[in-house]
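In: This is the structure alone, sequence omitted:
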């Protein structure tokens, strides 16, 4: 009996093992990222990478919500914006230091996430997307129009934490990796299974003993906290938070990154974010056609390659190993 | 116990009420003398009331084995225990060949068996089965029937909704028949099945 | 304003009623309609009254293409592994909308592109109220279309097929109705309606590639408030929304009037998810 058991646990399609492989790939990418500054890139290029990492964080948290738990929220960019603004406002009006402001930003976005999450718990599919979309737009419009408090479209200036850009870069890589670890730990535990069950069949999950509402809320709140955190960090780096952070177009970018990279995986969002953002910057120089290209790619991927680049690599590896064993 | 009745008589509604999916307008449901009608399905599941659906519900994008593990963990089992139990159930339900396929890739009958397994990760006090034999391959039907028989002998209670009279006769000692939302007969299966009112409900009586 | 919203919303409502998906690219049908009308009328010098139906046809064509390429797989025995049906639709139509916006932006240019007005008189006085001639005509056409559509749905063969498929897709296929063709019709209709709405409005507002998003959001709100899948509901809701918004804009705050609409959406979704007149379909 014990033999078949240990054999069972080794099978590649077991969730644990899929996750492990994913995490390994993720760690590899992070390590590669650590080597990048050795290339002596300009401050400008480093800056682009840092923003890509910002998007990677949002993408990973959106994947947690959408890819792992099945809640397709349209509000990730909005929550990043909110996180940035909470930090910015605390500094602007109350001169709160960053070491307090950032945790408060996380807390604040968590509360807002809890609030929105409770509203959308009962909603399915498109209703959820619509509601989160409305929330995102309302939030953005409010911030953009509250000139006395938020300086509206001009945005808020935010103090920076580190002077050296390379330091910022490594900090961001560290945060991305940290987030990855967090999500990995979460998905490996029993909660990961619950999220997946909720994604695949919410009513079935409920009948098997999973309190769906509770865990949906958890996924939602955690995802919002992570987005808020990313937003706060971005604000500190770019020294400016503006309502543009919360544009629907940004959410669109995030969704493209996750779809192209591979929804429902860990490395997918990271790879997707890097590729899409770097690609968009490059295309911007070429002829400002980046959105067209990416929207097209997203449509093609969604239609034909639903598992994204990560899924494709998996298939490739599978085919290669099959050839080998022959 | 069997629950029979023509289409539309309210059988699934009863199951829905018992498993917490519908709320009661009046009356109460007691489990071991404890009122449970207000509990959510997940709470009921953990108390030991398991529901199987007419439309098979599995978690399509994880492996069949993972489905069982998740079900076990949801009921409170540790990972290790879930794995052991899942292994046992796979063997008992003859699902070895598809153990590691994504649940969505299984055939209809296999999915039903898997759902069965998920309900039994932790021995339920009461299993509510909604037409489990519908559209299932005869061989799998046998596996399921044997499974139910074995568990029944161990002391578990089943409420079986089915149109398959031979199976109801074979497995259920007592039986209740409904028609248009009311109970019209209950008692020993043989008696219920030969009750003229029951026959009429199914065949339509003079209106045929 | 409510009437124009209604045109768009009705199309969206039909799509949702039948397929249970939200078409995020609906706003772009509107935009394409506006642009086609302007292009056809200005570049080719064709009379505005003929350009209108042409624009509608462009919309219909676009709708059919979308349906064919992107939506077909949803029900053609499609085995989804990473996407569930609703979410696929969201992503794909969202991407499509971005694609269309930027494509038009690139090809035609972001500056406004106005088509000719239908009415020669700009201002008509009716009693104490000053009305814009174009608006009046547009309103008239809209009412005509809406009523026509309602009759079409209720009476004609196609219309009843649409109703059947909306209520029970599988069942209606057994009854001999081809759901795929019906869906194509619906998409074409929805596209045409949205495009027409865009064409009618284009002389009034300055068409730029992103004007589609604004009415789109309004139509989502309307569709939800009115009840997804119900044509009368959408029309009714559109009017209500139009009125409420104007009221809000004048008396409370101009800036926030868009947000107001969204707020209503959220409230409705919380308290009455099926809208005013919506039906709950069978899950089978």
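Out: Nice, I can see it. These numbers come from a predicted model, not from an experiment. Residues are numbered from 1 along each chain as shown, chains lettered A, B, ... in the order given.
In: In the chain, where is pLDDT below threshold?
Out: Unless you meant another one, I'm taking chain A. A:1-8, A:125, A:148, A:150-159, A:161, A:286-288, A:324-326 (pLDDT under 70).
In: other chain: chain C
Out: Residue ranges of chain C with pLDDT under 70: C:1-22, C:38-52, C:70-87, C:106-180, C:182, C:200-215, C:217-219, C:221-261, C:268-284.
In: Now with 50, please.
Out: Scanning chain C with the threshold set as pLDDT under 50 gives C:76-83, C:117-130, C:275-284.
In: Would you tell me whether stretch B:89-106 gets close to chain C?
Out: Yes - using CB under 8 Å from any CB of the partner chain, stretch B:89-106 reaches chain C at B:102, B:104. C-betas here are computed from N, CA, C, even on glycine.
In: Closest to the centroid, which residue in chain B?
Out: residue B:129 (1.5 Å; CA atoms, centre = their mean).
In: ok, now how distant is residue A:20 from chain B?
Out: The spacing between residue A:20 and chain B, counted by CB to the nearest CB, to the nearest Å, is 14 Å.
In: Other residues contacting the strand or helix carrying that residue?
Out: If you go by DSSP states H and E, residue A:20 is part of helix A:15-35. For helix A:15-35, the external contacting residues (CB atoms under 8 Å, 6 or more residues apart in numbering or on different chains) are A:9-12, A:49, A:53, A:170, A:173, A:176-177, A:180, A:184, A:187-188, A:192-193, A:196, A:265-267, A:270-271, A:274, A:310, B:62-63, B:66, B:69.
In: what's the next secondary structure element after it?
Out: Under the assignment DSSP H and E, the closest C-terminal helix or strand after helix A:15-35 is helix A:43-62.
In: And that next one, what's buried?
Out: With burial defined by 16 or more other CB atoms under 10 Å in any protein chain shown, the residues of helix A:43-62 counted as buried are A:46-62.
In: Next, the angle helix A:43-62 makes with the helix holding residue A:20.
Out: 170 degrees (axes from the mean of the first three to the mean of the last three CA atoms, to 10 degrees).
In: mind listing what's buried in helix A:15-35?
Out: Result for helix A:15-35 [16+ other CB under 10 Å]: buried residues A:15-16, A:18-19, A:21-23, A:25-27, A:29-30, A:33.
In: wait, does stretch B:86-95 contact chain A?
Out: Yes - counting by CB under 8 Å from any CB, chain A has neighbours in stretch B:86-95: residue B:87.
In: Run through who's touching that stretch.
Out: Under the contact criterion CB under 8 Å, 6+ apart, stretch B:86-95 has outside partners A:1, A:4-5, A:8, B:64-65, B:68-69, B:72, B:96, B:99, B:110, B:113-114, B:116-117, B:120-121, B:143, B:147.
In: now it, how far from the centre of its chain.
Out: 18 Å (CA atoms, centre = their mean, to the nearest Å).
In: what do you get for stretch A:44-56?
Out: In terms of CA atoms, centre = their mean, the centre of stretch A:44-56 is found 14 Å from the chain centre.
In: do stretch B:64-83 as well
Out: That offset, for stretch B:64-83, works out to 19 Å (CA atoms, centre = their mean).
In: Quick check, the residue in chain B closest to chain C?
Out: residue B:61 (6.5 Å; CB to the nearest CB).
In: Show the model's pLDDT score for that residue.
Out: Looking at residue B:61, its pLDDT is 81.
In: Now find how far off-centre the longest helix out of those in chain A is within its chain.
Out: Counting residues, the longest helix found in chain A (DSSP state H) is helix A:212-238. The gap between where helix A:212-238 is centred and where its chain is centred comes out at 9 Å by CA atoms, centre = their mean.
In: Same check on stretch A:241-259?
Out: Centroid separation between stretch A:241-259 and its chain, computed with CA atoms, centre = their mean, is 11 Å.
In: so, in contact with chain B or not, that stretch?
Out: No - for stretch A:241-259, no contact with chain B is found by CB under 8 Å from any CB; the gap never falls below 16.0 Å.
In: That stretch near chain C at all?
Out: Yes - on the criterion CB under 8 Å from any CB, stretch A:241-259 is in touch with chain C at A:248-249, A:252, A:255-256, A:259.
In: Pull out the buried residues from that stretch.
Out: A:241-243, A:245-259.
In: Among those, which lie within helices?
Out: Of these, the ones assigned to helices by DSSP H are A:248-259.
In: so which of those residues comes closest to residue A:86?
Out: Nearest to residue A:86 among these: residue A:250, at 17.5 Å, using CB to CB.
In: check contacts around that closest one.
Out: A:77, A:80, A:244.
In: Try it again at 10 Å.
Out: Contacts for residue A:250 (CB atoms under 10 Å, 6 or more residues apart in numbering or on different chains) come out as A:55, A:58, A:76-78, A:80-81, A:136, A:140, A:244.
In: same thing with residue B:11?
Out: Neighbours of residue B:11 in contact, by CB under 10 Å, 6+ apart: B:3-5, B:54, B:130-131, B:159, B:161-163, B:176-178, B:181.
In: Quick check: bridge partners of the closest residue to it other than its chain neighbours?
Out: Spatial nearest neighbour of residue B:11, chain neighbours left out: residue B:161 (4.8 Å); criterion: CB to CB, 6 or more residues apart in numbering or on different chains. The bridge-partner assignment for residue B:161, based on DSSP bridges, gives residue B:3, residue B:130.
In: Of the contacts of stretch B:86-95, just the buried ones, ChimeraX syntax please.
Out: The following ChimeraX line selects those of the contacts of stretch B:86-95 that are buried, judged by 16+ other CB under 10 Å:
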select /A:8 /B:64,65,68,69,72,99,110,113,114,116,117,120,121,143,147
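In: Noted, bye for now.
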